[in-house]
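> Sequence plus predicted model, see below.
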Amino acid sequence: MAILPGKACGAYSGEMAHTPLMLSALATSAVPGFQAVSAQTLSTAERDAALAHDVNNDAWLIEISRSDADEASHRKEISAAQALTEGLRSRLTFQVPAIKGTANVGGRTLSVGTYLPGSHLTPKTMTPVSASSVGKALAAIHSLPASSLQDFDRPLHSALDSLRECAGVVDASAATGLIPQSLLRRWETACEDQGLWQFDATVIHGQVQLSRFLFEDHSVVAVDGWTEFRQGDPGKDLAWLTTPTNNAFATAVHTSYVSAHPSADKWVMQRARFYAELDIAKWLLHGVQMGHDTVTHDATEMLSDLSDRVSSDLDQALTQPISHAQHPLS
């Protein structure tokens with residue numbers, strides 16, 4: 001078997017790193033008969049990984065964690081991939097992670113899964129074609145039948161659960177005394193706006209960012225990072241679009257999304273914006289709870305910038321229910 005050049009494993013503390021050759025050999029315990037003819041390292045400080053090609057030239061990702069924290073994350077990834085059944089995959093026009101087999105190796109979980117094709121784009125390299133493809137991909141995810149998750153113990157967050165979660169973040173943030181009063185009023189009003197929370201939970205990815213999408217010729221060919229795959233508020237999958245970094249292509253994504261998913265509720269983008277704003281509040285809470293002054297200061301500055309940004313936009317008035325304001329992407 002040829003070991004191709006790639007990113008070096010490097011020196012790790014603690015356990016000995018697994019080389020691509022070792023991982024390819026161990027893969028036979030997860031997938032009997034597996035035979036790699038080439039492999040290259042994709043290892044990180046937290047996880048040993050190899051891209052291996054078998055005798056049919058199919059590409060496989062072999063992974064094993066190097067820490068307890070990453071082991072828990074790895075198991076969540078495997079669980080989510082197993083919930084992405086063949087029936088669900090057949091409804092998607094792009095690839096998603098699939099696990100061929102797993103094995104216990106020294107108390108760690110080794111997995112052999114498909115290697116997803118494509119490459120990442122940055123906000124600056126997004127085009128109208130790629131934005132439209134992202135919108136269609138999100139619509140396809142949110143159109144998957146929720147009943148398909150019942151046998152896989154995936155979490156279900158109802159509209160009421162989503163409201164309670166947001167209200168909890170707002171209350172905890174208010175208790176710090178570090179939230180601008182204008183933002184606090186805005187968030188409290190959003191939590192009290194009954195119309196904003198009238199939606200049906202759908203299948204969601206749960207952790208969407210631009211980095212989750214893999215492209216070929218500016219079309220989405222794969223979506224990765226399904227750890228939080230569940231039923232919940234589709235607004236969570238759209239929150240990333242409402243941040244300033246993604247302004248240039250957010251409207252194109254949303255237009256494509258609505259066209260492909262006309263049953264989407266009309267306030268989904270307002271909730272998406274709300275979730276994005278509360279992510280900053282969560283960062284503040286993390287800093288306060290950990291006693292990390294640098295994080296707390298960073299979050300405080302971000303909240304101040306957010307307050308200035310939205311208060312200067314009459315379409316995002318702070319003292320009226322968000323669902324009464326003009327659509328944020330209109």
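Great, that's in hand.
> nearest residue to Asp237 other than its sequence neighbours?
What sits nearest to Asp237 in space, not counting adjacent residues and going by CB to CB, 6 or more residues apart in numbering, is Val208, at 4.4 Å. Where you see a C-beta, it was placed from the backbone N, CA and C, and this is true even at glycine.
> Just give me the neighbour total for the one you found.
Counted with other CB atoms under 10 Å, the neighbours of Val208 add up to 22.
> And the pLDDT at it?
Predicted confidence (pLDDT) for Val208: 98.
> Equivalent analysis for the one 3 residues further on, please.
Per-residue confidence (pLDDT) for Ser211: 97.
> that's a helix at it, yeah?
Yes. Counting by DSSP: H, G, I helix; E, B strand; the rest coil, Ser211 is found in a helix.
> hang on, the earlier thing: do you know how far the residue nearest to Asp237 is from Met269?
14 Å (CB to CB, to the nearest Å).
> Need the residue closest to the centroid of this structure.
Using CA atoms, centre = their mean, the residue of the chain that lies closest to the mean C-alpha position is Gln207, 2.0 Å off.
> Check the secondary structure at that residue for me.
coil.
> Repeat that for Ala222.
Here Ala222 is recorded as strand under three-state DSSP.
> Ok, Ala49 next?
Classification of Ala49 by three-state DSSP places it in strand.
> Does it have any beta-bridge partners, and if so which?
Assessed by DSSP bridges, Ala49 has beta-bridge partners Glu63.
> how much space is there between Asp293 and Thr300?
Taking CB to CB, one finds Asp293 at 10 Å from Thr300.
> was I right about the residue nearest to Asp237 contacting Trp240?
Yes. With contact defined as CB atoms under 8 Å, Val208 reaches Trp240; the gap is 5.8 Å.
> Now do the contacts for Lys76.
Thr227 (CB atoms under 8 Å, 6 or more residues apart in numbering).
> Before we move on, what's the pLDDT of it?
For Lys76, the model assigns a pLDDT of 95.
> Next: the one 5 residues further on.
Looking at Ala81, its pLDDT reads 96.
> Work out for me the element it sits within.
helix 68-83 (DSSP states H and E).
> between Asp293 and Thr300, who's got more neighbours?
Thr300 (19 against 10).
> For that one, give its distance to Val288.
Taking CB to CB as the measure, Thr300 falls 10 Å from Val288.
> what do these two both touch?
Common neighbours of Thr300 and Val288 (CB under 8 Å, 6+ apart) are Leu178.
> count of residues packed around Val288?
19.
> didn't it look like it was pressed against Ala175?
No. Judged on CB under 8 Å, Val288 makes no contact with Ala175 at a distance of 9.2 Å.
> coming back round to it: between Val208 and Met269, which contacts overlap?
With CB under 8 Å, 6+ apart, Val208 and Met269 have common neighbours Leu238.
> Secondary structure element for Phe249, which one?
Using DSSP H and E, Phe249 falls in helix 247-260.
> Report all helices and strands that the following helix or strand past that helix contacts.
Proceeding C-terminally, helix 247-260 gives way to helix 268-290 as the next helix or strand, assigned by DSSP H and E. Secondary-structure packing of helix 268-290 (3 or more CB pairs under 8 Å, 6 or more residues apart in numbering; DSSP states H and E): helix 159-176, helix 181-192, helix 235-238, helix 293-311.
> you'd agree Ile78 is up against Thr102?
Yes. Applying CB under 8 Å, one finds Ile78 in contact with Thr102, separated by 6.3 Å.
> where do the contact lists of these two overlap?
Common neighbours of Ile78 and Thr102, using CB under 8 Å, 6+ apart, are Thr109, Ser111.
> Residue ranges in the chain under the pLDDT threshold?
Applying pLDDT under 70 to the chain picks out residues 1-16, 312-330.
> Apply 90 and report the result again.
Within the chain, the segments meeting pLDDT under 90 span 1-17, 148, 150-151, 153, 182, 185, 194-195, 266, 308-330.
> What is the burial count for Arg230?
Arg230 is flanked by 22 other residues according to other CB under 10 Å.
> dump the residue contacts of the closest residue in space to it that isn't next to it in sequence.
Excluding its sequence neighbours, the residue lying closest to Arg230 (CB to CB, 6+ apart) is Pro155, at 4.3 Å. Shown in contact with Pro155 (CB under 8 Å, 6+ apart): Glu228, Arg230, Gln231, Gly232.
> how about a cut-off of 10 Å?
Residues counted as contacts of Pro155 (CB atoms under 10 Å, 6 or more residues apart in numbering) are Leu149, Asp161, Gly206, Glu228, Phe229, Arg230, Gln231, Gly232.
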